[in-house]
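Trainee: structure here, sequence nowhere to be found:
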């Protein structure tokens, strides 16, 4: 890994620096792709990416809900967070939208269940990405901090936003009214069928945030998140939104001098000062700028192309909890047909399965299990989850594929990739008739039958993916036993806080994009 470690002041700063070194690559390193609609084969805005957390991950489809007057929701972080905080309650709205997401349980001091985002019934899609603030902002963050944290914001945008821009405005209003709780800075990529927005929420307790619009001819990869130059007259620029103090606070701190005539570069002024270029930060084995170039070279980009980018082995490794790809269509005829591709763990060795918002239930094999779930090692199983826990867990199955493939990646990964992409191609071959049949049923006032069809297909295909995973494990086990050999552990510690080595990229930062 090539993570730069910033200097910090005081005991708290030293602890934060050590935490950054130990945890940042796995706990903060979610990444996201945006491809504008003029660059895609289907004319849709596409987004993709993964969450990188040491945690169990599972798929959820959350129904729309009505809430009584006075309903409240709990948000924020606890005293266990790196920057300690207190949970608060804020008002819930009268109605929240239907959405689907991947959930997970573990980020220290951030109460589960957590989410990096997903897509809602209005085709507003959200991805969450780490984005470190400069050390002075981290140091001035009040403790205990209070406000909404990254998962709260992602979830609430899916619950309430009808457009990407509205999602930005919701984030800004919530931070202004209730504050922002952070581990050091964060971004959200929010997209709809017309455009995308990158929103950067900064540490410091000052309510600082800025957002940049992404148009139909743009490709953006966030790893880490961040925003470059912004106009000084930001309030009158339709391509930017920001907190009222975004420019003036930097001037007050002496971080920017308007009289110098220099550009206001948000990342250079407000970002971690040890990162010279957030577009090429020296983390993992490939820069965001290079991944943007590789993605643009695919134009017109298909869903299969974006899946290839998302599962690039130079980025996806044992840290990666899942993978997602979503197309957002201007001409979509019914929200039940909103489609998300989701891999149950790191997509470098797991298939993207198709799910529609009209799906009514998810197989228990793709639901929450105790494998990597927070506190599983120190608690007993709740009786409600006995039947689900007894099932095979898709996340664990494809983790095994990953670990087997690591034994001889040059020989095994190409074959694993070929099987996964062939399986996904079979699924894509069925989409036209499934979606056409479902739409016909909806237009003939039989939505229940349409939802039953999509549920049956998505669940059946997901179980076939699990069967494929077991077949792959059998083959990989035979190969490692008979050809590459199984390496027994030499040490005694099964867990580590060290950043994982990406065996599937063979540790080669110069490997070409696949």
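Mentor: Received the coordinates, thanks. Every value quoted in this text rests on a predicted model; they were computed, and no experiment measured them.

Trainee: if I look at residue 336, what pLDDT would I see?
Mentor: Reading off the confidence values, residue 336 has pLDDT 98.

Trainee: my guess is it contacts residue 438. True?
Mentor: Yes - between residue 336 and residue 438 a contact is recorded at 7.0 Å, counting by CB atoms under 8 Å. Backbone N, C-alpha and C define where each C-beta goes, glycine included.

Trainee: who touches both of these two?
Mentor: Shared contacts of residue 336 and residue 438 (CB atoms under 8 Å, 6 or more residues apart in numbering): 356, 358, 450, 451, 454.

Trainee: of all pairs in those, which one is the farthest apart?
Mentor: 356 and 450 (9.5 Å; CB to CB).

Trainee: between those two, what contacts are shared?
Mentor: 336, 438.

Trainee: can you list the weak-confidence ranges in this protein?
Mentor: For the chain, applying pLDDT under 70 flags the ranges 1-29, 497-502, 506-514.

Trainee: ok, which stretches of the stretch 1-150 of the chain are strands?
Mentor: Using DSSP state E, counting those that start in this stretch, the strands of the stretch 1-150 of the chain run over 31-35, 45-50, 57-62, 65-66, 72-75, 88-91, 95-96, 99-104, 114-120, 125-130.

Trainee: which outside residues touch the fifth one?
Mentor: To tie it back to what came earlier, the one meant is strand 72-75. Strand 72-75 is touched from outside by 87-92, 111, 147-149, 152, 178, 181, with contacts defined as CB under 8 Å, 6+ apart.

Trainee: still on that earlier bit, looking at the strands of the stretch 1-150 of the chain, which is nearest to residue 233?
Mentor: Short answer: strand 31-35, nearest of these by CB to CB, at 25.2 Å.

Trainee: next, the angle from that closest one to strand 125-130.
Mentor: 140 degrees (axes from the mean of the first three to the mean of the last three CA atoms, to 10 degrees).

Trainee: please begin residue numbering at 161 from this point
Mentor: All right, first residue 161 from here; so that's strand 191-195.

Trainee: and strand 191-195, how far from the chain's centre?
Mentor: Centroid separation between strand 191-195 and its chain, computed with CA atoms, centre = their mean, to the nearest Å, is 9 Å.

Trainee: and if you look at stretch 319-330?
Mentor: Stretch 319-330 has its C-alpha centroid displaced from the chain centroid by 18 Å (CA atoms, centre = their mean).

Trainee: now do the buried residues in it.
Mentor: By 16 or more other CB atoms under 10 Å, the buried positions in stretch 319-330 come out as 319, 320, 321, 323, 324, 325, 326, 327, 328, 329, 330.

Trainee: need the max-distance pair from those residues.
Mentor: Longest span within those, CB to CB: 319 and 325, 16.5 Å.

Trainee: of the shared contacts of residue 496 and residue 598, closest to residue 664?
Mentor: So of the shared contacts of residue 496 and residue 598, ranked by how close each gets to residue 664 (CB to CB), first place is residue 516, at 30.4 Å.

Trainee: that older thread, turn the contacts of strand 232-235 into TSV, columns for distance to residue 235.
Mentor: Formatted as TSV, these follow (distance: CB to CB, whole Å):
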residue	distance to residue 235
247	7
248	6
249	7
250	6
251	11
252	10
271	9
307	7
308	5
309	7
312	4
338	7
341	8
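
Trainee: of those residues, buried ones?
Mentor: The neighbour count (16+ other CB under 10 Å) marks 248, 250, 252, 271, 307, 308, 309, 312, 338, 341 as buried among these.

Trainee: who's in contact with the third one?
Mentor: Applying CB under 8 Å, 6+ apart, one finds that residue 252 lies in contact with 227, 231, 232, 233.

Trainee: can you tell me which of the residues you listed is nearest residue 441?
Mentor: Distances from residue 441 to the contacts of residue 252, taken as CB to CB, are shortest for residue 233 (34.3 Å).

Trainee: that closest one pairs with what?
Mentor: Under DSSP bridges, the beta-bridge partners of residue 233 are residue 250.
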